[in-house]
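*Asks:* Test case, fold it:
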Amino acid sequence: MRYVLATIAAVAVTGLVALVGLGAKDAPGGKPPAGGDAFTGEYVGAFTAPCGKLCHVDAKVYPRKDDFGVTMVFTYPKAKPGAKPRRVEFTGKVADGTFTAGNTKWKASISDKALAAVLSTKKGPGKCKLDFAVRKSPTLGAKPPPGAVVLLPFAPGKKPSLDAWENRGWKANADGSMNKGRGNIVSKHAFGSAKIHVEFMTPYEPAKRGQGRGNSGVYVHGRYEVQVLDSFGLVPGGGDCGAIYGVAPPKTNACLPPLRWQTYDITFTAPKMDTDGKVTQPGRMTVLHNGVKIHENVAVGGTTRAGMRNLKGPTGPLMLQDHGNLVKYRNIWLVALKG
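*Replies:* Predicted structure coming up:
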């Protein structure tokens, strides 16, 4: 199987890019982060169908209160343009340290950071063995360019200054990050159109569900929210991670597992207003999540849910939401855009 994986490496990478437009590195190897479990994460490799054909598999294992969800997405190298990849979902359990999963057709297990799965068909079995993989955003750790406004400076091993924020109740950590405190935190700096870089990490909260799991939000101009949530492995909706909340769901789920650093790179065009302050053109937003374009030039009109409704005009601050979950942020900066 290792030889097979090597021989189709190019196909595998091409298939994965076709699947979600990944800009992040898909790197087999690594290990689960401290504070989580031994099984949550991504697994990648090849599936050998009963007919002998090969395709790329991207599997996601995510924790739930009493079990695990397993999602396997199959990308065929000769699939027609625009064709949806095959998606299979089933449930996993851990007993005596052993992970097993499956349904009436699939049987799977995880050991030694590898997911092995077998599909039973009338034509014979289909098999795959997938390696644990750590995906990193291509913009992770991006340094602010000359002229950038740095809202949260980042240096590994150094507590960041919170001087750029109105609410100083959030906590600066020794690893260079900041985590939520009591209440939303708002930047002192107001801006119009801008490119914005934000890095965030959702906590490991397997017992929680939906909006109660790693919830926060990045509010551009204090009004337009790009949702932060642990939505790893799910089919995203209008309130999931990457959504412009209540306006548009992300085009694809580009989430990393909890306890992994993720990035938002937002290009925001400020709304235009007449002399009376009436909006003549709504603001627009393009969002890259971990290097993946999940929104392109989406119009944002009125204030999204929980936004700052007392703000008016074509400028505003950046706001990070306190929703009760211990979400971390780091390396936040923006570059003003003309017009």
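
*Asks:* Tell me the secondary structure at residue 74.
*Replies:* Classification of residue 74 using DSSP: H, G, I helix; E, B strand; the rest coil returns strand.

*Asks:* Renumber starting at 44 from here on
*Replies:* I'll keep to 44 as the first residue from here, and by that count the last item is residue 117.

*Asks:* In space, what's closest to the residue most central in space within the chain - neighbours in sequence excluded?
*Replies:* Central residue of the chain (Cα atoms, centre = their mean): residue 298, 2.4 Å from the mean position. Spatial nearest neighbour of residue 298, excluding adjacent residues (Cβ to Cβ, 6 or more residues apart in numbering): residue 275 at 4.5 Å. No exception for glycine: its C-beta is placed from N, CA and C like everyone else's.

*Asks:* try residue 256
*Replies:* residue 273 (4.5 Å).

*Asks:* now the strands for the stretch 94-243 of the chain?
*Replies:* Here the stretch 94-243 of the chain has its strands, by DSSP state E, counting those that start in this stretch, at 97-106, 111-118, 129-138, 141-145, 149-154, 157-164, 167-179, 192-195, 214-215, 221-222, 228-229, 237-244.

*Asks:* quick one, helices of the stretch 244-382 of the chain?
*Replies:* Read by DSSP state H, counting those that start in this stretch, the stretch 244-382 of the chain holds no helices at all.

*Asks:* Quick one: low-confidence residue ranges for it.
*Replies:* Under the criterion pLDDT under 70, the flagged ranges of the stretch 244-382 of the chain are 346-355, 382.

*Asks:* ditto for the stretch 44-193 of the chain
*Replies:* If you take pLDDT under 70 as the line, the stretch 44-193 of the chain has these spans: 44-70.

*Asks:* so residue 170 makes contact with residue 90?
*Replies:* Yes: counting by Cβ atoms under 8 Å, residue 90 is a contact partner of residue 170 at 7.3 Å.

*Asks:* Have a look at those two and say which one is more surrounded.
*Replies:* residue 90 (22 against 15; other Cβ atoms under 10 Å).

*Asks:* which residues touch that one?
*Replies:* 97, 98, 99, 100, 117, 160, 169, 170, 171 (Cβ atoms under 8 Å, 6 or more residues apart in numbering).

*Asks:* Name the member of those with the most neighbours.
*Replies:* Busiest of these [other Cβ under 10 Å] is residue 99, holding 29 neighbours.

*Asks:* And that residue, how close does it get to residue 278?
*Replies:* Counting by Cβ to Cβ, to the nearest Å, the gap from residue 99 to residue 278 is 19 Å.

*Asks:* swap in residue 316?
*Replies:* Taken as Cβ to Cβ, the span from residue 316 to residue 278 is 37 Å.

*Asks:* Residue 356: which of the contacts of residue 90 is nearest?
*Replies:* residue 99 (48.5 Å; Cβ to Cβ).
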